[in-house]
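Q: my questions concern the predicted model and sequence given below.
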Amino acid sequence: MAAAAALEAVAPTGALWGLVQDFVMGQQEGPADQVAADVKSGSYTVLQVVEALGSSLENPEPRTRARGIQLLSQVLLQCHSLLLEKEVIHLILFYENRLKDHHLVIPSVLQGLRALSLCVALPPGLAVSVLKAIFQEVHVQSLPQVDRHTVYSIITNFMRTREEGPFVEELFEVTSCYFPIDFTPPPNDPHGIQREDLILSLRAVLASTPRFAEFLLPLLIEKVDSEILSAKLDSLQTLNACCAVYGQKELKDFLPSLWASVRREVFQTASERVEADGLAALHSLTACLSRSVLRADAEDLLDSFLSNILQDCRHHLCEPDMKLVWPSAKLLQAAAGASARACDHITSNVLPLLLEQFHKHSQSNQRRTILEMILGFLKLHQKWSYEDKDERPLNVFKDQLCSLVFMALTDPNTQLQLVGIRTLVVLGAQPDLLSSEDLELAVGHLYRLSFLEEDSQSCRAAALEASGALATLYPVAFSSHLVPKLAEELGRGELDLARGDESTKCSRHLHCLQALSAVSTHPSIVKETLPLLLQHLCQMNKGNMVAGTNEVIAVCQSLQQVAEKCQQDPESCWYFHQTAVPCLLALAVQASMPEKGHSVLRKVLLEDEVLAAMVSVIGTATTHLSPDLAAQSVAHIVPLFLDGNVSFLPENSFPCRFQPFQDGSSGQRRLVALLMAFVCSLPRNVEIPQLNQLMRELVELSCCPSCPFSSTAAAKCFAGLLNKLPAGQQLDEFLQLAVDKVEAGLSPGPCRSQAFTLLLWVTKALVLRYHPLSSCLTEQLMGLLGDPELGPAAADGFSLLMSDCTDVLTRAGHAEVRIMFRQRFFTDNVPALVQGFHAASQDVKPNYLKGLSHVLNRLPKPVLLPELPTLLSLLLEALSCSDCVVQLSTLSCLQPLLLEAPQVMSLHVDTLVTKFLNLSSSPSMAVRIAALQCMHALTRLPTPVLLPYKPQVIRALAKPLDDKKRLVRKEAVSARGEWFLLGSPGS
């Protein structure tokens, strides 16, 4: 029994000795992990490992000793958490002694010390002992990079224990000698180390502790004052990082020098990056001083620091030539933006000075500069909140600021007006700053600026935007002072329209509509502006006005803008929907009735462009409805179209029934577009009443040949509803209904075009949701590319399949649009398109090229690039197609490919140059421009490939320089200039 126990004790030790021998003498790496795993599992202790290594550690051969220590170090790196305090002490003493060993042993010794620096059981004081031994026995700077990194890791680990005190200067010296980093990565570096990586790593060390401050700050000041741009940038960025961990104590002695260096860089530098980093450093310095907690008897360094900044910058704000005005303002604003205290201190000193300077200068440009500086300081106050109204520093200057802004708004200089508008918005954002009288004056100015003519377009647009922003904050003021003025102006516009006054029709009327929509940013204002706009549209329908298509579209566009602003507030969204949608439907239904008397607007309301504008309004008003409210609305609108139930319309006395699906007039059928706008914008979970009847009526109308507009609207509506239906029997029945109708309609007859349109929209609805039937319908669509009558339309249909729609089948309208549907369509169908092209007869090949071009043009370029070698020949052939649409689509596809795949494209440079130059003389202006843009992009190909064509291209591009269209001439100049520079030094 005793012998057996002895054998069991010896067996594991023997196994351990074998692993050690395999690692040390056999030069195998695997045993190290095995030994570490056995130590973790408790099979061996670290002491047993050391005993097994005994002969290796004492071997006279340095390489053998190095392998032995390497094994021990690798085990410790994996098992350091298991060590007891007593074991750590002995191991550290062992490793410190080995630092005196042969240089071949040192890397393994450092790895062991790195493992021990991670120990939780590290006794106090041993970190100091280790660092002292490293700095005394090892010349760290001469070590290879990997070993220097190990030393830095040891330092970092020990610094987490805050035991660096006795060696602060040594630690700083051993790291700061590399600052600033001057490193160029070698070619084909397998590690991929970049200069920026080293800069950030070194910065993290230097900015890791406040104890480095007394050594680091003088170094940073020295480097900022140097002439080397990279050193300036690195130093300012490092200073910025240090401010996050420093306090007043560390900065106190260096503040004057730091300020002097930053000030000089901002005042004198020609580099925007140095200026930006200098301002960021000043901001961080001020923030650091602002957050330090002071004793009652301590000096307030922030106050004295800001006083120095003011002393050095104030006088520049008053200089007549204003040379250093902006640098001074930037410095002051960088400091002021750091804290509320700094902001109050600087603003209270600077604002009176700037207000005085504004009145001293009479030129508009100088006043604009001063007002922009004031605006910068006012924006800083928005960052801080003040509980006590009387504490707000801007209250003291309120009257002067308002006077200044109103002077700017009345100045004839447009740029000064623009700054004045921006300043007014910032003043208005300050809580309780503007009085009711100030607001009334502000509204008056914004009203006036909203009606400026075309030469002040930017100012008018800014005034409209400002009105919207301020109306959100002060709805009562705008309801009281602006909306009544706009209502009065709208009334005058109605009189002008009644008289047919062309001069005002296109200006003040449009401006008034834009102002009404711009100011509709608050629910209470919407309740005033929406009735005004709708009443104005109804007045046009009275027959007294000469209302053209553009005027009605302008009203609809304003209504759509109001609807967009209401989308963020559920209550406003529902108010707009239940007010505007019934009114628009009533006007449209009235317009579709047989005319008893002459009404210009009735005809206008049924025009394609006007109906499209109304579709946008209704769709925008519906997309954000909650399901419950949408269900209330759908219960009225669907019966209106199916049963003629007009009871919910505001004016529902019509001369005859509204029956767009049952023997309705052409005008009534056109209103199916409005039904489409509504039902295709509903949330998916809203149940649509009488859906079976509605879908059948839509299919029938979609193939009605008498009114293409109505049939297309019905097809789109059917497709939009189909896309949202959940999978199941009902969806399958509707799909079968559509397929049967398409097959019947595509046979020779009058409905072929309408049946094709239905096929196209149903295919798109299914492609977007990855429905299995979409592949069958796409094949049918590809089959029509060879049809003599429908082939060109089928080719254009691929553009529709790949494009985003605006009225139906949109994500905003809750359609089911799967991600990457374009990529899937490309993968599934482009091979068939290519095969069909090769098999097609010569007269229909252009249809395949056009379809292919549309698909590729709308495909994400990363998907197209891998397929480019196989498809490029077809794209080049498409450039020879006589169809301008094919040419333009193909050119649009090729231009980014020239930039992103130059190596592939350079193989076809001869063909590309010839084709592009030929198309630069195309009858189509859009094609000429696209061809010249491609000629420009060609210069990104490798220069040796292009140089043989340079003389030919320069001669050929002389012709479009005389093109009758300015945009063509502009592209020709740009392209020819790049070809002229081709191959020149520095190009």
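A: In hand now; what should we look at?
Q: from Cys313, how far out is the residue nearest to Leu229 when sequence neighbours are not counted?
A: Nearest non-adjacent residue to Leu229, counting by CB to CB, 6 or more residues apart in numbering: Ser271, 6.2 Å away. Yep, even glycine has a C-beta here, placed from its N, CA and C like the rest. Using CB to CB, to the nearest Å, Ser271 is found at 20 Å from Cys313.
Q: neighbour-wise, which of the two wins?
A: Cys313 (24 against 13; other CB atoms under 10 Å).
Q: what comes up buried for the strand or helix carrying the more buried one?
A: Using DSSP states H and E, the element containing Cys313 is helix 301-317. By 16 or more other CB atoms under 10 Å, the buried positions in helix 301-317 come out as Leu301, Leu302, Phe305, Leu306, Ile309, Leu310, Asp312, Cys313, His316, Leu317.
Q: could you do stretch 181-188 as well?
A: Ile181.
Q: residues in contact with that stretch?
A: The contact list for stretch 181-188 (CB atoms under 8 Å, 6 or more residues apart in numbering) reads Gly192, Ile193, Gln194, Arg195, Leu198, Ile199, Leu202, Ser230, Asp234.
Q: what about 10 Å?
A: 191-203, 228, 230-231, 234 (CB atoms under 10 Å, 6 or more residues apart in numbering).
Q: could you look up the SS state of Arg67?
A: Assigned with DSSP: H, G, I helix; E, B strand; the rest coil, Arg67 falls in the helix class.
Q: quick one: pLDDT of it?
A: Looking at Arg67, its pLDDT is 88.
Q: same check, this time on Lys252
A: pLDDT at Lys252 comes out at 88.
Q: give the contact list for the residue lying closest to it once chain neighbours are set aside.
A: Residue nearest to Lys252 in three dimensions, not counting chain neighbours: Leu301, with 6.1 Å by CB to CB, 6+ apart. Neighbour list for Leu301: Gly247, Gln248, Lys249, Leu251, Lys252, Leu255, Cys288, Leu289, Ser290, Ser292, Leu294 [criterion: CB under 10 Å, 6+ apart].
Q: buried subset of these?
A: So, by 16+ other CB under 10 Å, the buried ones in those are Gly247, Gln248, Leu251, Leu255, Cys288, Leu289, Ser290, Ser292.
Q: surely the third one meets Ile221?
A: No: using CB atoms under 10 Å, Leu251 is not in contact with Ile221, being 11.9 Å away.
Q: intersection of neighbour lists for these two?
A: With CB under 10 Å, 6+ apart, Leu251 and Ile221 have common neighbours Leu239, Leu258.
Q: and stretch 867-877, which residues are buried?
A: Buried-residue list, stretch 867-877, by 16+ other CB under 10 Å: Leu868, Leu871, Leu872, Leu874, Leu875, Leu876, Glu877.
Q: before we move on, back to that, I'd like the buried residues of helix 301-317 as a markdown table, with pLDDT and distance to Val973 appended.
A: Shown next, in a markdown table, are those (pLDDT from 0 to 100; distance: CB to CB, whole Å):
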| residue | pLDDT | distance to Val973 |
| --- | --- | --- |
| Leu301 | 85 | 59 |
| Leu302 | 88 | 56 |
| Phe305 | 91 | 54 |
| Leu306 | 91 | 52 |
| Ile309 | 91 | 48 |
| Leu310 | 91 | 51 |
| Asp312 | 89 | 48 |
| Cys313 | 88 | 45 |
| His316 | 86 | 42 |
| Leu317 | 82 | 43 |
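Q: could I get those as CSV with distance to Val262?
A: Converted to CSV, the buried residues of helix 301-317 look like this (distance: CB to CB, whole Å):
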residue, distance to Val262
Leu301, 16
Leu302, 16
Phe305, 11
Leu306, 14
Ile309, 10
Leu310, 15
Asp312, 11
Cys313, 12
His316, 15
Leu317, 18
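Q: what ranges does the stretch 201-350 of the chain have for its helices?
A: 213-224, 229-242, 248-251, 255-268, 272-291, 301-317, 325-336, 340-360 (DSSP state H, counting those that start in this stretch).
Q: and the helices in the stretch 351-500 of the chain, which stretches?
A: Using DSSP H, counting those that start in this stretch, helices in the stretch 351-500 of the chain cover 364-381, 398-410, 414-429, 436-449, 457-473, 475-481, 483-499.
Q: so for the stretch of helix or strand Leu694 belongs to, what gets flagged as buried?
A: Taking DSSP H and E as the criterion, Leu694 maps to helix 691-702. Of the residues in helix 691-702, Leu694, Met695, Glu697, Leu698, Val699, Leu701, Ser702 count as buried by neighbour count, 16+ other CB under 10 Å.
Q: check stretch 18-29 too.
A: Neighbour-count burial for stretch 18-29 [16+ other CB under 10 Å]: Leu19, Val20, Asp22, Phe23, Val24.
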